[in-house]
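Peer 1: generate coordinates for the sequence data below:
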Amino acid sequence: MIDLHCHVLAGIDDGPRSIEDSLTLARAAAAAGTRTLVATPHVSWEYPNGSAEIARLVDELNGRLRTDGVALDVVRGGEIAMTRAGDIRAEELSRLTLGGGRWLLIEPPFTPTADGLDLLIGDLQSRGYRVVLAHPERCPSFHSDRSMLERLIDSGVLGSLTAGSLDGRFGGLVRRFALELVRDGLVHNVASDAHDPLRRPPTIAGELARAGLDSLSEWFTQSVPAAILSGGAIPARPVVEAAPQRGRRWFPGRR
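Peer 2: Take a look at the predicted model:
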């Protein structure tokens, strides 16, 4: 699997505090079946991280993983807050893309409204960037105005769901909305958004299986993220029938 969103770097945001903590998280990711992990520390006003520091920590972590024989490759990226993206210099922004390509991981605000998000994303697209939207199922403004998310997806934005949302880790409302977005074709990737091995673990496959989404797992965790990292065309979502467990009612996606 490719985990497109993980807070694995030490000491720069609300993820691991030390390199040893980073290694513990990385080993847990490898044990869960991840082979490529994109390090996406917060790039926000609270955590004003820069590309040079991110690259240094990625190199350090990869060196330790190779020494320890852990079969995991960490590549650089960043989770860029909507409120910060417009203030980042052009050359710096280009160094914060996922894997060094043209895709940016943009975090919408955890507020009832997301005024200006569509304008920001439109500006990024006009400058040649493509946008992956982090955890849209957890954005309150999309709960109240789903049409904004639909317009963004129609413009070429990709939705990246947090795996734990499918398990109810962020509450029942978020879980139901997450399943609704998957049903309606508004999700293109499922990532861990891990911060630690236990409370916010680097697991994806188990959450997909428990939600009855095994038939889409390869597309969510391999085909789409591989295309994002390589700069290739995003593959069409496979037409599948799904039968979720725990009595959940499932509707095949429309898109």
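
Peer 1: which strands and helices lie in contact with the helix ranked longest in the chain?
Peer 2: Of all segments of type helix in the chain, defined using DSSP state H, the longest is helix 51-68. If you count contacts as 3 or more Cβ pairs under 8 Å, 6 or more residues apart in numbering; DSSP states H and E, helix 51-68 packs onto helix 19-31, strand 36-39, strand 73-76. In short, each C-beta sits where N, CA and C put it, glycine included.

Peer 1: and the angle for that helix with helix 19-31?
Peer 2: With axes from the mean of the first three to the mean of the last three Cα atoms, to 10 degrees as the basis, helix 51-68 and helix 19-31 are set at 70 degrees to each other.

Peer 1: what mean pLDDT does helix 51-68 get?
Peer 2: Taken as a whole, helix 51-68 carries a mean pLDDT of 98.

Peer 1: one step back: let me have the helices and strands packed on helix 51-68 in a markdown table, extended by distance to L208 and mean neighbour count.
Peer 2: Formatted as a markdown table, these follow (distance: least, Cβ to Cβ, whole Å; neighbours: other Cβ atoms under 10 Å):
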| stretch | distance to L208 | mean neighbour count |
| --- | --- | --- |
| helix 19-31 | 15 | 19 |
| strand 36-39 | 17 | 25 |
| strand 73-76 | 22 | 20 |
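
Peer 1: other residues contacting stretch 39-56?
Peer 2: By Cβ atoms under 8 Å, 6 or more residues apart in numbering, the surrounding residues in contact with stretch 39-56 are 4-9, 12-15, 57-58, 61, 74-81, 83-84, 88, 92, 95-96, 98, 105, 107.

Peer 1: in that stretch, which residues are buried?
Peer 2: Using 16 or more other Cβ atoms under 10 Å as the test for burial, stretch 39-56 gives A39, T40, P41, H42, V43, S44, Y47, N49, S51, I54.
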